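**Student:** Below is the sequence, then the predicted model.
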Amino acid sequence: MESRIPVTILTNSRDDGIRSFTVVLSAPTGGAFLGQPSVASVDIADDDVGGTIQFSAAAYSASECATLPCFASLTVSRAGGGASAVSVDFVTVDGSGNALSDYVATSGTVTFATNQASQTIRIPLQIEPGGQPMKNFGVILSSPRGGAVLGTRTFATVTVTDTR
């Protein structure tokens, strides 16, 4: 005769991956004997996901300010799951604009709290004397952690216009 052992699984909002435990049957009573197998491994599949992280848009624009500080702001979004705190790295790359005169080379990590859906990256802009043509640079997302994955928009272009 088959018997079942009820096991209550507690929920959480962490991306734990597969969790395992072992059930060991021992010391039968009432004239029963222990058959084989007497040990079973149980895997608990995780139903929590860290989500997909990507830029909210493929292109952003910013205006060069007359005085510092001046920033380009890019929105990074998280969708499809909010389990755990997750993070992703970012780095700027030159385009027609360069880090020496148009913006400040910046890298770092964006961290999302549990169930947080968006974060903002702020890239400092440089001020150049005189009128300048529009220039651009890129920002790249990489190395998601905490159970998150990257979406399709891992590169964003920032176009900087001169206000003079």
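**Tutor:** The structure has been received and is ready for your questions. Numbering: from 1, shown residues only.
**Student:** now what about the helix or strand harbouring T161, what contacts it?
**Tutor:** Assigned by DSSP states H and E, T161 belongs to strand 155-162. Strand 155-162 is contacted by residues 55, 57-64, 72, 74, 95, 97, 102-103, 123, 125, 128, 131-141 when judged by C-beta atoms under 8 Å, 6 or more residues apart in numbering. From N, CA and C alone the C-beta is placed, and that goes for glycine too.
**Student:** what do you get if the cut-off is 7 Å, keeping everything else the same?
**Tutor:** In this structure, residues lying in contact with strand 155-162 by C-beta atoms under 7 Å, 6 or more residues apart in numbering are 55, 57-64, 72, 74, 95, 97, 102-103, 123, 125, 131-132, 134-140.
**Student:** Where do the strands of the protein begin and end?
**Tutor:** In the chain, the strands defined using DSSP state E lie at 19-24, 39-44, 52-55, 59-64, 71-79, 86-94, 107-112, 118-124, 135-145, 149-150, 155-162.
**Student:** Looking at these, spot the one closest to I5.
**Tutor:** Smallest distance to I5 across those (C-beta to C-beta): 6.6 Å, for strand 19-24.
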